[in-house]
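K.L.:
coords please:
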Amino acid sequence: MRQSGHLAMGRESMCEVSDYDITVGLIDDDSLALQTLEKIIPRLLRGARVLWATTDGVQGVSLCADRTSCPDLVLVDMSMEIMSGPIVCQKIRRLSSTVKLLAMTAFSIAVYADEVAESGAQGIVSKNDRKDLQSGLQAVARGFTYGDERYRFESVKVSHARIAGHSNGFHEVLTLREFQVMDLLSEGLDDRDIASRLGIAPATVRKFVQTAMRKLGAENRVQAVIKWNGFR
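P.N.:
As a prediction, the model looks like this:
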């Protein structure tokens, strides 16, 4: 994770922040894409400052949960491997009623648009279209939604109220690594596959699963996955 500067305390509410004084977070598991975005964001959105950039969706959620590192707007790539873009958006939106979320994709926008709107983001742009990226950044930074009306993007506060209203509080007690393990377990991966994806030992995966099961109040893995999917 690269971090540039620190967020000033006591900033205005999100709907009052203009595009002349706005901090931006970047989440994309393509490090080259991150480097490019870090360079062009200040050019596309006057006065914008990239607060941090990370290839890890879980770390991005954590940074947004901490008010000392929480940016005004977060750009999230949709096709990340360990934690998908829509899930990242949903977790950030459940935690925050202020962070503005703009999804981005190198694929057809129609592939992700409905899921993005459901996850609490305020719009989606093409990574391959600089003009679209600029228009999306400017609109969302000013407090508007961006994208075709048929996708029904919601404002920050409306989407937070909808998503947080379904929260069961598990996000408050699970660690970041437990988040990762449960997400991969719910996708059908076994301990060895999860260990390979996360770069840890299978025994460590089992330990995280057991701890998560206890916190979720589950008697076995099947119950844990069912409860986890309900939380997501």
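
K.L.:
quick one: what helix or strand has Glu219 in it?
P.N.:
Under the criterion DSSP states H and E, no helix or strand holds Glu219.

K.L.:
which residues touch the nearest residue to it once chain neighbours are set aside?
P.N.:
Among residues not flanking Glu219 along the chain, Met213 sits closest, at 7.6 Å (CB to CB, 6 or more residues apart in numbering). C-beta here means a position set from N, CA and C on the backbone, and glycine is covered the same way. Applying CB atoms under 8 Å, 6 or more residues apart in numbering to Met213 gives the contacts 219-221, 223-224.

K.L.:
And the buried ones among the residues you listed, selectable in PyMOL?
P.N.:
Of those, the buried ones go into a single PyMOL selection, burial set by 16 or more other CB atoms under 10 Å:
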select buried, resi 224
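
K.L.:
Quick check: closest non-adjacent residue to Ala65.
P.N.:
Leu95 (5.1 Å).

K.L.:
From Thr204, how far off is the residue nearest to Glu219?
P.N.:
Met213 sits at a distance of 15 Å from Thr204 (criterion: CB to CB, to the nearest Å).

K.L.:
next one: Gly143
P.N.:
Gly143 is 43 Å from Thr204, by CB to CB.

K.L.:
Check Arg93 too.
P.N.:
For Arg93 relative to Thr204 (CB to CB), the value is 30 Å.

K.L.:
just Ala139 next, same as before
P.N.:
43 Å.

K.L.:
neighbours around the residue nearest to Ala65, how many?
P.N.:
Residues lying near Leu95 (other CB atoms under 10 Å) number 20.

K.L.:
Got the phi and psi for it?
P.N.:
phi -80, psi -30 (degrees, to the nearest 10).

K.L.:
Quick check: it touching Gly60?
P.N.:
No: Leu95 is not in contact with Gly60 according to CB atoms under 8 Å; the separation is 11.3 Å.

K.L.:
Where does pLDDT dip in this protein?
P.N.:
Low-confidence segments of the chain, defined by pLDDT under 70: 2-20, 166-173, 176, 231-232.

K.L.:
Okay, and Phe208 sits in which element?
P.N.:
Going by DSSP H and E, Phe208 is part of helix 202-216.

K.L.:
List the buried residues of that helix.
P.N.:
Neighbour count says helix 202-216 has 204-205, 208-209, 212-213, 215-216 buried, by 16+ other CB under 10 Å.

K.L.:
Now for the residue nearest the centre of the chain: which residues touch it?
P.N.:
The residue lying closest to the centre of the chain (CA atoms, centre = their mean) is Val88, at 3.0 Å. For Val88, the contacting residues are 27, 57, 60-61, 76, 80, by CB under 8 Å, 6+ apart.

K.L.:
how about 10 Å then?
P.N.:
27, 56-58, 60-61, 64, 74, 76-78, 80, 82, 101, 103, 119, 121 (CB atoms under 10 Å, 6 or more residues apart in numbering).
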